[in-house]
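Enquirer: prediction below, plus the sequence it came from.
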Amino acid sequence: MTFAGVRRKAMPWLAAVVLAGSVTACDSGGGGGAGAAEERDGAPEAHGAPAARPNIVWVLTDDLSSDLVDHMPNVRALRKEGMSFENYTVTDSLCCPSRSSLFTGKYPHNTGVFTNSPPDGGFDVFHRKGNEDKTFATALQRQGYRTAMMGKYLNGYEPDMTVGGEKNYVPPGWDEWAVAGNGYKEYDYTLNENGRTVDYGHDAKDYLTDVVGAKGQDFVEEAVADKKPFLLDISTFAPHGPATPAPQDRGTYRDLDLPKSPAFDETPTDAPGWLRDKKPLTRQQVQEITRTHRKRVRAVQAVDRMVGDLRKVLEAEGVADDTVFAFASDNGFHLGQYRLTPGKQTAFDTDVNVPLVVTGPGVEHGTTGAIASNIDLCPTFTELGGGTPDPGADGRSLLPLLKGGTPQDWPTGALIEHHGPNSAPDDPDKPRKGSGNPPTYDALRTDRYTYVEYRDGAHEFYDRGKDPDMLHNTYAGLDPAVREQLAAAVAEMRDCEGAKECSAAARAPDAGLS
């Protein structure tokens, strides 16, 4: 693996916590630093605790597609200075299952969260199945970190709800909590601020992205004053619809062109039934898609400024060189590709392959094509903080990749698990007519191909090396032996549990591709 523009040496803490070839997951629930003398899956850990542990700032956006980064100068600067993961894949292109995987390091089949609402998703299922007891927040808090969560949590969470007898419930692991329920409009929302509900109105000062950004800056200053390492998680509602812009961004980008890839207003050959026979987009639909794109670009301007402001505060407080800053989205978004009006929930790269950018001390500069998934973030944050990751979770720490290497046994495939079609009337992600509402499917995505199998018997296979826009479903032409290998690989991943088992299952077949 080669990286462009590499020019920074690894700092001592990273050298101490990166374990070449180790298999890691999330919080084990116990103590012990990353330098503990033990072996995991045959790989001995490095000896000696790191001299210092980095602070972590984690910015998670909602429905941000890769094309929006072109309009975010602060995020582009972050990408230039750090490492980008071009094959970062989410476990489902839907808010709650994706975020559940991120918090815990587990696939949906192990969190139990497949959708945004009960009986197989939402906050209620996440909480009821005990997922909140083992997150990167509980892991880092146990290691002495000061932790803060601000913005959006999980679908179904409400600031004034009572859970287990606790009014205005705050989950374990968080020292500071400023979380909204329905914050999609960016105005007229309620925050649970450390167990106290606070109502916000419709004035310019109430714009939600700006509010949580300011609270995040305050948290950084307070944590530095306390001389504690800190984790700040700011999860925005932007650019999720209605994609309300900040006051200063209204009316901007009025003439912005809609980016149109070769997949725009086209359907794949031999498309599955739910996508087959789609009619070409009308002129009116294209105009509406263009308006949606412009609204989304306006909405991310506040997010981009927030990223820049947070980095300025880190500099001003003298901790920028001791802070890992990560940026990503919970899922992607399609806008006219495959003749679909704005939406998500498909296995196309528009929806499941999203930006992940990491910068900080010891992080190499450039791009990696190694497979990464949102199940890998929890073990990464846990190990950054000196905690011992739990082999009972499914992901692996990305620290070897951040240092510039790729272990020989690194996963070559990412699993996507989707339950559909989505028809929940109160779901903010319920697909509108024409936006795509696929039935239940499981998919395997590698750096070369995407394989999808639907529970109704349909299949897709896209060789993205030759067909990057995923316009030619070639499953029908695959050798029967290759079909069996792909089905077996998905079945094994769909049933795996724990870092060792899931990592082995994620060694995907090459599918006969040269």
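Expert: Right, received. Where do you want to start? Residues are numbered from 1 along each chain as shown.
Enquirer: what helix or strand does residue 197 sit in?
Expert: Assigning secondary structure by DSSP states H and E places residue 197 in strand 196-199.
Enquirer: er, residue 84 actually
Expert: Assigned by DSSP H and E, residue 84 falls in strand 83-85.
Enquirer: tell me the strands beside that strand, with direction?
Expert: strand 356-359 (antiparallel), strand 366-368 (parallel) (DSSP bridges).
Enquirer: was I right to think residue 333 contacts residue 345?
Expert: No. Under the criterion of Cβ atoms under 8 Å, residue 333 makes no contact with residue 345, lying 10.0 Å away. C-beta: built from backbone N, CA, C; applies to glycine.
Enquirer: joint contacts of those two?
Expert: residue 351 (Cβ atoms under 8 Å, 6 or more residues apart in numbering).
Enquirer: work out for me the element residue 439 sits within.
Expert: Applying DSSP H and E, one finds residue 439 in no helix or strand.
Enquirer: now do the contacts for residue 64.
Expert: Under the criterion of Cβ under 8 Å, 6+ apart, the neighbours of residue 64 are 239, 300, 303, 329, 332-333, 354-355.
Enquirer: for residue 89, name its beta-bridge partners.
Expert: Here residue 89, judged by DSSP bridges, has bridge partners residue 353, residue 373.
Enquirer: dump the strands paired with strand 83-85 to CSV, plus mean neighbour count and mean pLDDT.
Expert: Listed next are the strands paired with strand 83-85 as CSV, based on neighbours: other Cβ atoms under 10 Å; pLDDT from 0 to 100:
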stretch, mean neighbour count, mean pLDDT
strand 356-359, 25, 98
strand 366-368, 20, 97
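Enquirer: pipe those into JSON lines and attach distance to residue 386 per row.
Expert: Shown next, in JSON lines, are the strands paired with strand 83-85 (distance: least, Cβ to Cβ, whole Å):
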{"stretch": "strand 356-359", "distance to residue 386": "18"}
{"stretch": "strand 366-368", "distance to residue 386": "24"}
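Enquirer: mind checking which of those is nearest residue 127?
Expert: Smallest distance to residue 127 across those (Cβ to Cβ): 26.5 Å, for strand 356-359.
Enquirer: relative to residue 475, how far out is the residue sitting nearest the centre point of the chain?
Expert: With distances taken as Cα atoms, centre = their mean, residue 330 lies nearest the centre of the chain, 3.9 Å away. Using Cβ to Cβ, to the nearest Å, residue 330 is found at 29 Å from residue 475.
Enquirer: next: residue 143.
Expert: From residue 143 across to residue 475, the span is 46 Å (Cβ to Cβ).
Enquirer: what about these two, which has more around it?
Expert: residue 143 (21 against 18; other Cβ atoms under 10 Å).
Enquirer: what's near enough to touch that one?
Expert: 33, 53, 229, 385-387.
Enquirer: how about the residues you listed in JSON lines, adding distance to residue 420, pLDDT and neighbour count?
Expert: Below are the contacts of residue 143 laid out as JSON lines (distance: Cβ to Cβ, whole Å; pLDDT from 0 to 100; neighbours: other Cβ atoms under 10 Å):
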{"residue": "33", "distance to residue 420": "43", "pLDDT": "32", "neighbour count": "18"}
{"residue": "53", "distance to residue 420": "41", "pLDDT": "91", "neighbour count": "23"}
{"residue": "229", "distance to residue 420": "41", "pLDDT": "97", "neighbour count": "24"}
{"residue": "385", "distance to residue 420": "36", "pLDDT": "96", "neighbour count": "27"}
{"residue": "386", "distance to residue 420": "40", "pLDDT": "94", "neighbour count": "26"}
{"residue": "387", "distance to residue 420": "36", "pLDDT": "91", "neighbour count": "30"}
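Enquirer: wasn't residue 509 part of a helix?
Expert: No. Under DSSP: H, G, I helix; E, B strand; the rest coil, residue 509 falls outside any helix and is assigned coil.
Enquirer: can you count the residues close to it?
Expert: With other Cβ under 10 Å as criterion, residue 509 counts 19.
Enquirer: from residue 451, how far off is it?
Expert: 9 Å.
Enquirer: now for those two: what residues contact both?
Expert: Common neighbours of residue 509 and residue 451 (Cβ under 8 Å, 6+ apart) are residue 486.
Enquirer: before we move on, back to that, how about the residue nearest to the centre of the chain: what's its closest non-neighbour residue?
Expert: Excluding the flanking residues, the one nearest residue 330 by Cβ to Cβ, 6 or more residues apart in numbering is residue 98, at 4.4 Å.
Enquirer: okay, now the unreliable bits of this protein?
Expert: Applying pLDDT under 70 to the chain flags residues 1-25, 27-52, 514.
Enquirer: and the longest helix for it?
Expert: Ranked by number of residues, the top helix in the chain under DSSP state H is helix 283-316.
Enquirer: check which element follows that one along the chain.
Expert: strand 323-329.
Enquirer: other SSEs contacting that next one?
Expert: Applying 3 or more Cβ pairs under 8 Å, 6 or more residues apart in numbering; DSSP states H and E, we find strand 323-329 packed against strand 55-61, helix 73-81, helix 283-316, strand 356-359, helix 377-384.
Enquirer: neighbouring strands - and their directions - for that strand?
Expert: Going by DSSP bridges, the partners of strand 323-329 are strand 55-61 (parallel), strand 356-359 (antiparallel).
Enquirer: gap between the shortest one and the chain center?
Expert: Spelled out, it's strand 356-359. Here the centre of strand 356-359 is set off from its chain's centre by 11 Å, with Cα atoms, centre = their mean, to the nearest Å.
Enquirer: I'd like the next helix or strand past the strand holding residue 197.
Expert: Next along from strand 196-199, by DSSP H and E: helix 208-225.
Enquirer: where exactly do the helices run in the chain?
Expert: Using DSSP H, helices in the chain cover 12-17, 73-81, 95-104, 108-111, 122-128, 136-142, 208-225, 283-316, 349-352, 377-384, 399-403, 480-495, 499-505.
Enquirer: circling back: export the strands paired with strand 323-329 as TSV, with columns for distance to residue 313.
Expert: TSV is the format used below for these (distance: least, Cβ to Cβ, whole Å):
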stretch	distance to residue 313
strand 55-61	10
strand 356-359	15
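Enquirer: now do residue 139 against residue 492, distance only.
Expert: 28 Å.
Enquirer: looking at these two, which one has more neighbours?
Expert: residue 139 (29 against 16).
Enquirer: that one contacts residue 103, doesn't it?
Expert: No. The criterion here is Cβ under 8 Å, and residue 139 misses it with residue 103 at 10.5 Å.
Enquirer: from the contacts of residue 64, pick the one nearest residue 214.
Expert: residue 303 (13.7 Å).
Enquirer: what about residue 339, how many neighbours?
Expert: 21.
Enquirer: what distance do you get for the closest residue to it other than its chain neighbours to residue 433?
Expert: Spatial nearest neighbour of residue 339, excluding adjacent residues (Cβ to Cβ, 6+ apart): residue 278 at 4.0 Å. Residue 278 sits 12 Å away from residue 433, going by Cβ to Cβ.
Enquirer: need the winner for burial among the helices and strands packed on strand 323-329.
Expert: Mean neighbours per residue, mean count of other Cβ atoms under 10 Å, is largest over these for helix 377-384, with a mean of 29.
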